[in-house]
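Engineer: how would this look folded up:
(2 chains)
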Protein chains: 2
Amino acid sequence: MTLDLHDDVVSLTRALCDIPSVSGDEGTLADAVEAALRKLGHLEVLRDGDALVARTNLGRDKRIVLAGHLDTVPIKDNLPTWTTGEGDAQLLHGRGTCDMKAGLATQLRIAATVTDPRHDLTFVCYDNEEVASVRNGLGRLVRNHPDWLAGDFAILGEPSNSGVEGGCQGTMRVRITLRGKAAHTARAWRGINAIHAAAPVLAILNAYEPRRPVVDGLQYHEGLNAVNIQGGIAGNVLPDECVIDINHRFAPDRSIAEAYAYLQEVFAGYELEIRDQAPGARPGLDQPAAAEFLAVVGKEPAPKFGWTDVARFAELGIPAVNYAPGDPLLAHTDEEYVPVAEIRECERVLAAWLC
Amino acid sequence: MTLDLHDDVVSLTRALCDIPSVSGDEGTLADAVEAALRKLGHLEVLRDGDALVARTNLGRDKRIVLAGHLDTVPIKDNLPTWTTGEGDAQLLHGRGTCDMKAGLATQLRIAATVTDPRHDLTFVCYDNEEVASVRNGLGRLVRNHPDWLAGDFAILGEPSNSGVEGGCQGTMRVRITLRGKAAHTARAWRGINAIHAAAPVLAILNAYEPRRPVVDGLQYHEGLNAVNIQGGIAGNVLPDECVIDINHRFAPDRSIAEAYAYLQEVFAGYELEIRDQAPGARPGLDQPAAAEFLAVVGKEPAPKFGWTDVARFAELGIPAVNYAPGDPLLAHTDEEYVPVAEIRECERVLAAWLC
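Structural biologist: Predicted structure coming up:
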């Protein structure tokens, strides 16, 4: 498997897709990308597992990080890639086209073609983004080699309809376990129904009014939702337990600790068991490098409501935005595709900004 | 396998237990009971599957039905039977001792020993009481041979601590399905959370005040309880469905139709899907035969809150009570046992009443 990073960006996207790389099985693709990066000659190439870092060392004042994941969700009879339509309306279909081999291709094209960039550049291609957070290759680089990721501003190649989606909201999942006392329903006065005890918790969720704070110029929109409820032993028994899992999405002006304190206030009197958590990321659009980038993109930036790996850069103090071709709502669908014109547009924008 | 119905009632209880007869596997025990009943000579014996009916035809004014099921819940290393303690404190342990071979033994002893009863007698031994209602052997007799069950008053040998537990409450299970619209929790405003929609249903359950009507002299106690709640798709998705199963226990002054109309009123605006239902049974303690029986028992009767097969007699217009040794709260437990003194007491009471 060989890749030519001097190839046309659409051909390169197809080549990156057509080497299957479902999470945990990115080795072949990582090998091919590593070989192609080394062949360029002007980049220092580093590797940790199936994560690659390639960078210029030109002594520029600023360093820009361009990052994308190598893996995809499982293939559903949607490889190799195929196209429909013609010209500006052409679409490239297949697993990974949208999430996120097209974004990766635009970044790798910059690696190959922008050999004398205005800022030093660091390219990051990593594994296991589509699976449990503990396996995430970017997270592993943050732990093992934070110095490899040093930079002033980062672009993450998650699909964003070729507009800038700034930062991301944080997410936290908490569990409330309501306790009761089991009893036969024919003698209910001997027990306490744990499902009935869920009523005030659901009432709190119904009364919730989301904050919509403006952070670095972008308006976020928080959320508080039960995502699971389970209770019941048998058709004739008062259940002694009812479990509610609640997901809170919080704007990047709040830390995890602040978000948790807020939940404790909202659910005063209930014990909250944290099931998982991930911080948000400020969009950092007030940074000079970001402002330059926005000017080249020429579109109004939008907030990113969902959580993405930009938050891992935020943890390192690096402002980061999502920018790539493709509609994020198509990610993970069996019908995922990317408009070919958007791939070319993103490559042009990145090149114009960095040349 | 042979049974001797002239044997001591405690030995007979042990013999009935020690022939395993888990629901669906009652054939060996039914054969043994049938042979023993036929050997008595003074009874007409009828059989439908593993259900047996044996009766006197003495032309008495009244007919009493004595009924008990042959089957048990699964054996849990608790057979053959064993005893602990001595004298009045002796306990008989093992599967079926409490539910309900002891009650069955007292009835079969009456079949053997009361050959010239004051009332005509019908003995019913049936299969599959401990499993789904559609398999119930008494229900099958009601459908196939209602004439075999004709009578003026019935005693069901369900454990009742050797007191009379009159009638039974009806039971109905309804399902409420709350609908929403799935959406990513990071963009909750695009969806409708079906779990949150459960709040008013649970509030209704919390506000419920049970009726405690007196029926034929016994005070019942109704109930309305969620017995199951399920909702949730994934940790980052607003669920589009939440299902609540609700069990209503209603006193025997209400029919199924009246109980359902009541639920429709309580849950006005919600669609109720009936999952199962069974009518209650009035205790009928105002009947002359019942009054005679109560006088011999000499204990204050109590209402039966749970549902039992007495309701199947009620459907045929036959008042029925639960009467047998053993604590109903021990039924189905691995530790089930029956006090030996209660077995003897129940046999004495039945004999004194019917001789």
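Engineer: residues in contact with the residue nearest to the spatial centre of chain A?
Structural biologist: For chain A, the residue nearest the mean C-alpha position is residue A:308 (2.3 Å; CA atoms, centre = their mean). Shown here is residue A:308, whose contacts under the criterion CB atoms under 8 Å, 6 or more residues apart in numbering or on different chains are A:156, A:158, A:168, A:322. For the C-beta atoms, the positions are set from N, CA and C on the backbone; glycine is no exception.
Engineer: specify the beta-bridge partners of the third one.
Structural biologist: Counting by DSSP bridges, residue A:168 is bridged to residue A:281.
Engineer: output the below-cut-off pLDDT ranges for chain A.
Structural biologist: Regions of chain A meeting the criterion pLDDT under 70 are absent.
Engineer: tell me where it has helices.
Structural biologist: Using DSSP state H, the helices of chain A run over A:9-18, A:27-40, A:102-113, A:137-144, A:199-207, A:256-266, A:288-297, A:310-315, A:340-354.
Engineer: how far out from the middle of the chain is the third one?
Structural biologist: Which is helix A:102-113. A distance of 19 Å separates the centroid of the chain from that of helix A:102-113, by CA atoms, centre = their mean, to the nearest Å.
Engineer: coming back round to it: looking at the helices of chain A, spot the one closest to residue B:18.
Structural biologist: Nearest to residue B:18, of all the helices of chain A, is helix A:199-207, at 49.7 Å by CB to CB.
Engineer: now that closest one - C-alpha only, CSV.
Structural biologist: Output of helix A:199-207 as CSV, limited to C-alpha atoms (Å, rounded to 0.1, in the frame of the first residue of the first chain):
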residue,chain,number,x,y,z
ALA,A,199,-40.8,11.8,39.7
PRO,A,200,-39.0,14.8,41.4
VAL,A,201,-35.8,14.2,39.4
LEU,A,202,-37.7,14.2,36.1
ALA,A,203,-39.6,17.3,37.3
ILE,A,204,-36.2,19.0,37.7
LEU,A,205,-35.2,18.0,34.2
ASN,A,206,-38.5,19.4,32.8
ALA,A,207,-37.9,22.7,34.7
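Engineer: got the contact list for it?
Structural biologist: Residues from elsewhere that reach helix A:199-207, judged by CB under 8 Å, 6+ apart: A:176, A:178, A:224-226, A:244, A:246, A:266-267, A:270, B:193, B:195-196, B:198-199, B:202-203, B:205-206.
Engineer: cool, and stretch A:291-303?
Structural biologist: For stretch A:291-303, the external contacting residues (CB under 8 Å, 6+ apart) are A:153, A:155, A:160, A:162-167, A:169, A:215, A:217-221, A:283, A:285, A:321, A:323, A:349, A:352-353.
Engineer: select only the buried ones of those residues in ChimeraX?
Structural biologist: A single ChimeraX command selects the buried members of those (16 or more other CB atoms under 10 Å in any protein chain shown):
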select /A:153,155,160,162,163,164,165,166,167,169,215,218,220,221,283,285,321,323,349,353
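Engineer: the contacts of stretch A:291-303 also near chain B: which ones?
Structural biologist: Filtering the contacts of stretch A:291-303 for proximity to chain B (criterion: CB under 8 Å from any CB of the partner chain) leaves A:169, A:221.
Engineer: show the contacting residues for residue A:18.
Structural biologist: Contacts of residue A:18 by CB under 8 Å, 6+ apart are A:79-81.
Engineer: tell me how far it lies from residue B:177.
Structural biologist: Separation of residue A:18 from residue B:177 (CB to CB, to the nearest Å): 44 Å.
Engineer: what of residue A:308?
Structural biologist: From residue A:308 across to residue B:177, the span is 35 Å (CB to CB).
Engineer: partners of residue A:246 in the sheet?
Structural biologist: Following DSSP bridges, residue A:246 is listed with bridge partners residue A:174, residue A:226.
Engineer: nope, residue A:320 is what I meant
Structural biologist: On the basis of DSSP bridges, residue A:320 is bridged to residue A:154.
Engineer: that one: what's it in contact with?
Structural biologist: Counting by CB under 8 Å, 6+ apart, residue A:320 touches A:65, A:153-156, A:167, A:281, A:284, A:310, A:313-314.
Engineer: among those, which one sits closest to chain B?
Structural biologist: residue A:167 (12.3 Å; CB to the nearest CB).
Engineer: residue A:281 is in contact with the closest one, correct?
Structural biologist: Yes - shown here, residue A:167 and residue A:281 form a contact pair, counting by CB atoms under 8 Å, at 4.4 Å.
Engineer: now for the two: what residues contact both?
Structural biologist: Residues touching both residue A:167 and residue A:281 by CB under 8 Å, 6+ apart: A:252, A:310, A:314, A:319-320.
Engineer: give me the phi and psi for the residue nearest to the centre of chain A.
Structural biologist: The phi/psi pair for residue A:308 (degrees, to the nearest 10) reads phi -140, psi 180.
Engineer: do you know how far it is from residue A:283?
Structural biologist: Note on residue A:308: its distance to residue A:283, by CB to CB, is 12 Å.
Engineer: what does the stretch 251-355 of chain A have sitting close to chain B?
Structural biologist: Neighbours of chain B within the stretch 251-355 of chain A, by CB under 8 Å from any CB: A:275-276, A:305-307.
Engineer: and those, which of them are in strands?
Structural biologist: Counting by DSSP state E, those place A:275-276 in strands.
Engineer: domains in chain A, by residue range?
Structural biologist: With domains defined by automatic domain parsing, chain A comprises A:9-168+A:281-354, A:170-278.
Engineer: how distant is the shortest one from the center of its chain?
Structural biologist: Centre-to-centre, domain A:170-278 and its host chain are 25 Å apart (CA atoms, centre = their mean).
Engineer: before we move on, back to that, so which of the contacts of residue A:18 wins on neighbours?
Structural biologist: Ranked by neighbour count under the definition other CB atoms under 10 Å in any protein chain shown, those are headed by residue A:81 with 21 neighbours.
Engineer: grab the nearest non-local neighbour of that one.
Structural biologist: residue A:94 (3.6 Å; CB to CB, 6 or more residues apart in numbering or on different chains).
Engineer: distance of that neighbour relative to residue A:345?
Structural biologist: Separation of residue A:94 from residue A:345 (CB to CB): 20 Å.
Engineer: same check, this time on residue A:254
Structural biologist: Residue A:254 is 34 Å from residue A:345, by CB to CB.
Engineer: next: residue A:292.
Structural biologist: Distance of residue A:292 to residue A:345, given as CB to CB: 18 Å.
Engineer: got it, and residue A:41?
Structural biologist: Distance of residue A:41 to residue A:345, computed by CB to CB: 28 Å.
Engineer: over to residue A:226?
Structural biologist: Applying CB to CB, the value for residue A:226 to residue A:345 is 40 Å.
Engineer: in terms of neighbours, single out the busier of those two.
Structural biologist: Using other CB under 10 Å as the criterion, residue A:226 and residue A:345 rank with residue A:226 on top: 26 against 15.
Engineer: so who does the more buried one touch?
Structural biologist: By CB under 8 Å, 6+ apart, residue A:226 lies in contact with A:201-202, A:205, A:244-246, B:193, B:195-196, B:231-232, B:239.
Engineer: just checking, residue A:263 touches residue A:175?
Structural biologist: No - applying CB under 8 Å, one finds residue A:263 not in contact with residue A:175, separated by 11.3 Å.
Engineer: residue A:89: neighbouring residues, count only.
Structural biologist: Residues near residue A:89, counting by other CB under 10 Å, number 10.
Engineer: and the gap between the closest residue to residue A:55 other than its chain neighbours and residue A:13?
Structural biologist: Among residues not flanking residue A:55 along the chain, residue A:122 sits closest, at 4.2 Å (CB to CB, 6+ apart). From residue A:122 across to residue A:13, the span is 21 Å (CB to CB).
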